[in-house]
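J.: Everything below, folded, please.
(chains A and B)
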Amino acid sequence: MTDTTDTHSDPAAEAVAASIPERCPVSDLATDYDMFDPEYLKDPFSAWAELRDTCPIAHTERYGGSWLPTKYDDLQAMAKMVPVLSSKSPLVIDMPQELAKEDGSGYNAAAPISADPPEQNWTRRALLPHFTPKTIAPQTEYTQQLCHNLIDGFIDKGGCDAAVDYAQQIPPRIIAHKLGVDAGMVDDFIEWVRGVLELGLQQPELRAKYRDIIRSFFAAEVADRRANPKDDLITALCQTEVDGEFLPDEVVIGMCNLQLVAGIDTTWSSIGSALWHFAGHDDDRRRMVDADDDLWGTAIEELLRFYAPVTMARNAAEDVEYGGVEFKMGDKILMNFPGANHDPDHFEDAHEVQLDRQRNRHVAFGIGIHRCAGSNLARMEMDVALRTWFERIPEFTLTDPDAVTWAGGQVRGPRILPVTFG
Amino acid sequence: MKIKVDAEKCEGHSRCYSLAPELVDVDDLGNAFELNGGEVPAGLEDKARLIMDNCPEFAITIEE
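T.: Alright, predicted model coming up:
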């Protein structure tokens, strides 16, 4: 774990930022939005609001080009345009052809998230039984113990980096525990996942490097479970049959890859954003100190709505028109579920966090056949992480609001978040 | 009052199950189905409306 006295920097992120050419100022949001602009990462909400009024499906040439829908109804409709809006390349920036190598197996690298039907369908059915509310519930106690242990490590120091020392530490341990891999790998997992989803987005070589590391790691784990079955998820997936045959190694490796890449910085971003919110909004923080189960229930959903971290992408599989926009084959479309959650046509006072919001049809976990398979796990982690924090540290504030940094593009959330207790 | 979960639309978000386990249950994949043939017991009408209004897939309908 990072020492709390030295967490106000993020050397890995700074090194990547330094290697990227300086970005040009955004001339016009509708035709030139920049998903990595630090100002946009701090406040994407006002950009989406402007676009909803002026150009609800915006376009940019930056980062290989993409489209950005901002209205709830459009996201609902586009999520159902399967498979014409294909999920085979779900990251917001495509790999250059020479680095986007296939493994030759004919299977997908992270099914079901990066697959279209029919492969999406049978891989999803194999994975979902491990992530229902009923199969997740027994992991609550382990998660509570983990959160207490983390807090024990910094509570006497008077403050911590709530992103680095807490939010970031929870999901990789839960995923490691569920998969049945060595918890000592947690720091590696954090590095690998940031390498693929955050720092590697604009650095294809870095992304390819970590993609290959993750794949090799799980190839060895799967080979081990075939030989030495254990009581863990990798073994369970190895023993899953579809149409009378065990899942092929490549499919299990892809599913493990998916859980690591999709199950870690997504959830830590949600936990971090929630703590950022409470550290900076004293009325809301005080309200949660003695909150009952009902208020925690609505508050978690409202924080998911407001700070929805994840933007997945689709590519047009053919030329197709939607909402007056002509997508050309191959065009990248950013599934801006976070933007949909702020659409005033569907959420009263959408720009306000209302912790007791009763009607909240948010789409933080996506919609349609690619609804986040781990959503029940993510909710449980967020619930336990926040309640345990409030139980131990009911009073906390931002140490220095200017020190907070946000990652985004694919997954938005705070990466440096110093807070002071008391 | 009766509720109906459209199995074609449900994608297993579990919002209804977490809000009203008295009205719906989830299967082995996490997809929801209505309990009691969809009959809403007296006193739970508001909860039925609540789960309808929180379903991200618009999969729940109510017959009054």
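J.: Any idea which residue of chain B lies closest to chain A?
T.: residue B:30 (3.8 Å; C-beta to the nearest C-beta). Every residue, glycine included, has its C-beta placed from N, CA and C.
J.: What's the local residue count around that residue?
T.: The local packing of residue B:30 (other C-beta atoms under 10 Å in any protein chain shown) involves 25 other residues.
J.: hang on, it in a strand?
T.: No. Counting by DSSP: H, G, I helix; E, B strand; the rest coil, residue B:30 falls outside a strand, being coil.
J.: can I assume it is in contact with residue B:14?
T.: Yes. The criterion here is C-beta atoms under 8 Å, and residue B:30 meets it with residue B:14 at 6.1 Å.
J.: Next, show the common contact partners of the two.
T.: Counting by C-beta atoms under 8 Å, 6 or more residues apart in numbering or on different chains, the residues touching both residue B:30 and residue B:14 are A:132-133, A:376.
J.: Among those residues, which one sits closest to residue B:7?
T.: Checking the shared contacts of residue B:30 and residue B:14 against residue B:7 by C-beta to C-beta gives residue A:132 as the nearest, at 15.5 Å.
J.: in the stretch 251-400 of chain A, which segments are predicted with low confidence?
T.: Counting by pLDDT under 70, the stretch 251-400 of chain A shows no low-confidence range.
J.: Name all residues that make contact with residue B:17.
T.: A:133, B:24-26, B:32.
J.: Distance to residue A:121 for those residues - can I get that in TSV?
T.: Formatted as TSV, these follow (distance: C-beta to C-beta, whole Å):
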residue	distance to residue A:121
A:133	22
B:24	23
B:25	23
B:26	19
B:32	19
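J.: ok, and the most crowded of those?
T.: Highest count within the contacts of residue B:17 by other C-beta under 10 Å belongs to residue B:32, 26 neighbours.
J.: For that residue, give the beta-bridge partners.
T.: residue B:26 (DSSP bridges).
J.: helix, strand or coil for the nearest residue to residue A:218 once chain neighbours are set aside?
T.: Leaving aside its sequence neighbours, residue A:218 sits nearest to residue A:256 (C-beta to C-beta, 6 or more residues apart in numbering or on different chains; 4.2 Å). State at residue A:256, reduced to three classes by three-state DSSP: helix.
J.: Residue A:256: neighbour count?
T.: Residue A:256, neighbours per other C-beta under 10 Å, totals 24.
J.: Would you mind measuring from the residue in chain A positioned nearest to chain B to residue B:18?
T.: The nearest approach of chain A to chain B comes at residue A:132, 3.8 Å away (C-beta to the nearest C-beta). For residue A:132, the distance to residue B:18 equals 12 Å [C-beta to C-beta, to the nearest Å].
J.: give the contact list for residue A:112.
T.: A:119-121, A:123-124, A:127, A:258, A:370, A:373.
J.: just the buried members of the residues you listed?
T.: Neighbour-count burial (16 or more other C-beta atoms under 10 Å in any protein chain shown) applied to the contacts of residue A:112 gives A:119-120, A:123-124, A:127, A:258, A:370, A:373.
J.: you'd agree residue A:266 is in a helix?
T.: Yes. With three-state DSSP as the criterion, residue A:266 is part of a helix.
J.: Test my guess that it contacts residue A:307.
T.: No. Applying C-beta under 8 Å as the test, residue A:266 and residue A:307 come out as separate, 11.5 Å apart.
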